[in-house]
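[1] model this:
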Amino acid sequence: MGDETIYALRDVSLNIERGEYVAIMGPSGSGKSTMMNLIGCLDTPSSGTYRLNENDVSEMDDNELAEIRNREIGFIFQTFNLLARATALRNVELPMVYAGMQIDERREKAAAVLTQVGLGDRMTHQPNELSGGQRQRVAIARALVNSPSILLADEPTGNLDSKTGVEIMQVFEDLANKGNTIILVTHEEEVARHARRVVRILDGGIASDEMIRGEVA
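    Coordinates of the predicted model:
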């Protein structure tokens with residue numbers, strides 16, 4: 001901005017281990033969305049490094065980042081981001097299409113993951129035939145289907161009523177108990193309390209990093 005440099009994040013050092021269930025919190029403008037974009041390889045840091053599974057993704061080009069996103073990151077969005085005219089099964093298949101998987105294998109995997117999230121009887125339904133909670137379950141299944149290193153969820157209950165939100169958070173709890181690495185980005189304390197560690201971002205830096213629950217066997 002003119003001669004002034006504005007830092008969305010500055011002097012941030014954060015380690016997240018495999019299998020952790022972490023909530024990243026912060027008010028609007030704190031830098032949490034930038035943090036999410038960096039973790040999800042949607043953006044690259046202007047300085048410093050980001051290592052994912054021993055790979056320095058901060059030095060990768062756009063094609064390499066796209067491959068990392070498809071292979072290593074499972075995205076779950078507040079607005080679901082489903083294809084409106086595709087069935088639940090087809091929506092979940094998409095990441096495997098981009099990965100070049102054969103049709104029989106990807107349909108089998110998509111069906112298995114939809115069953116895992118409780119939608120085994122809704123595979124042929126399009127998004128407009130599903131409730132908000134069911135749409136979010138489809139989005140979770142799509143995120144899971146390539147067995148990513150990280151499930152990255154941006155305000156995953158933001159478009160849901162409170163009862164459905166609790167049900168979706170139980171899905172995340174079950175996934176965490178199975179060893180999935182989950183990172184929630186949220187401004188809601190109630191959602192963050194479902195995680196086992198809460199990192200609070202303020203003014204572009206980490207204000208606190210607190211373990212709120214022990215590991216679940």
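[2] shaky segments in this protein?
    1, 214-217 (pLDDT under 70).
[3] count the residues that sit near the closest residue to A176 other than its chain neighbours.
    Closest residue to A176 apart from its sequence neighbours, by CB to CB, 6 or more residues apart in numbering: Y21 at 4.1 Å. Where C-beta positions appear, they are placed from N, C-alpha and C, glycine not excepted. For Y21, the count of nearby residues is 23 (other CB atoms under 10 Å).
[4] list the contacts for Y21?
    172, 176, 181-182, 194-197 (CB atoms under 8 Å, 6 or more residues apart in numbering).
[5] which one of those is nearest to A141?
    F172 (12.9 Å; CB to CB).
[6] helix/strand/coil for that closest one?
    At F172 the chain is in helix, as set by DSSP: H, G, I helix; E, B strand; the rest coil.
[7] ok, what's across the strand from the spatially closest residue to it that is not a sequence neighbour?
    Distance criterion CB to CB, 6+ apart; nearest residue to F172, sequence neighbours excluded, is I182 at 5.9 Å. As for beta bridges, I182 partners with Y21, L151 under DSSP bridges.
[8] correct me if wrong: I182 contacts A176.
    Yes. Under the criterion of CB atoms under 8 Å, I182 makes contact with A176 at 5.5 Å.
[9] returning to that earlier point: okay, now the residue nearest to F172: neighbour count?
    Counted with other CB under 10 Å, I182 comes out at 25.
[10] no further questions, thank you.
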